[in-house]
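Student: sharing a sequence plus its predicted fold:
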Amino acid sequence: MKQLYLIGFMGSGKTTVGRSIKEQYGIDYIDLDEAIEGRLHKRIVDIFKEEGEEAFRTYETETLKALKTTPIIATGGGIIERSENISYMKENGIIIYLKTSFDTIKLRLTRDQSRPLWKDEKQNKALFDKRNKIYEYSADYIVHCDNRTTKEIIEEIVSLYRYKGILDSED
Ligand SMILES: Nc1ncnc2c1ncn2[C@@H]1O[C@H](COP(=O)(O)OP(=O)(O)OP(=O)(O)O)[C@@H](O)[C@H]1O
Ligand SMILES: O=C(O)C1=C[C@@H](O)[C@@H](O)[C@H](O)C1
Ligand SMILES: [Mg+2]
């Protein structure tokens, strides 16, 4: 069975979309950030604070590889920071990029304290521009998310899922 990986910048809606697909269609989903927090019994902000980003990235790769059976995985925004994660997701499933503009992300994450890499405007924009290219190169499909409701977005993903028979395929 192939898995479906949702990728995209912080605030693009990966968690929201994964959770809604599960609620609306009963397709199982797991959030990688939540899985890491559950495994370590520690919040992501605290992992960054106490152990640093590199340690977090190692936990992220290990946890990604441990999730072998869940059909839909909402990844963290930085999953593409390690090329081995991209290769792994490509081998094991289909990658969907939830493409959302910087302006939309900014509106959503104003005053957000839970994302250690969401910092000042200049750093946020530089990180967004760098990663946007990597998300695009890595994705099998791009779903445009600006000015669209979660319902519209999940309908597109689920019809793709059904049309392609993605998750039933053995190859
Ligand atoms: N289509 C949408 N329209 C409006 N708001 C949305 C939409 N999708 C997500 N949001 C809002 O944007 C915020 C960030 O969404 P979410 O936490 O799902 O992002 P994420 O991609 O999982 O981020 P991260 O990479 O940091 O985990 C939330 O407040 C959520 O309610
Ligand atoms: O964009 C990132 O690098 C991150 C996004 C979040 O999902 C978390 O995985 C963490 O805050 C790092
Ligand atoms: Mg998330």
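Tutor: Noted; the coordinates are in hand. Ligands and ions are numbered 1, 2, ... in the order given.

Student: now the residue most central in space within the chain: how far from Lys14?
Tutor: In the chain, the centroid-proximal residue (Cα atoms, centre = their mean) is Thr75; its distance is 3.0 Å. To Lys14, Thr75 is 6 Å away according to Cβ to Cβ, to the nearest Å. Just so you know, the C-beta spots here come from the backbone N, C-alpha and C atoms, and that holds for glycine as well.

Student: need the residues touching each of those two.
Tutor: Common neighbours of Thr75 and Lys14 (criterion: Cβ atoms under 8 Å, 6 or more residues apart in numbering): Leu6, Ile7.

Student: whichever residue of the chain sits closest to ligand 3: which element?
Tutor: Minimum separation of the chain from ligand 3 (Cβ to the ion) falls at Thr15, amounting to 3.3 Å. In the assignment (DSSP states H and E), Thr15 maps to helix 14-25.

Student: that helix: which residues count as buried?
Tutor: Across helix 14-25, burial judged by 16 or more other Cβ atoms under 10 Å covers Lys14, Thr15, Thr16, Val17, Gly18, Arg19, Ser20, Ile21, Lys22, Tyr25.

Student: how far off centre is it?
Tutor: Put simply, helix 14-25 sits 12 Å off its chain's centre (Cα atoms, centre = their mean, to the nearest Å).

Student: what helices or strands is it leaning on?
Tutor: strand 3-7, strand 29-31, strand 72-74, helix 150-164 (3 or more Cβ pairs under 8 Å, 6 or more residues apart in numbering; DSSP states H and E).

Student: near ligand 1, anything from the helix or strand of the chain with the lowest mean pLDDT?
Tutor: Lowest on mean pLDDT, DSSP states H and E among the helices and strands of the chain sits helix 150-164, with a mean of 88. Yes. With Cβ under 6 Å from any ligand atom as the criterion, ligand 1 is reached by helix 150-164 at Thr150, Ile153.
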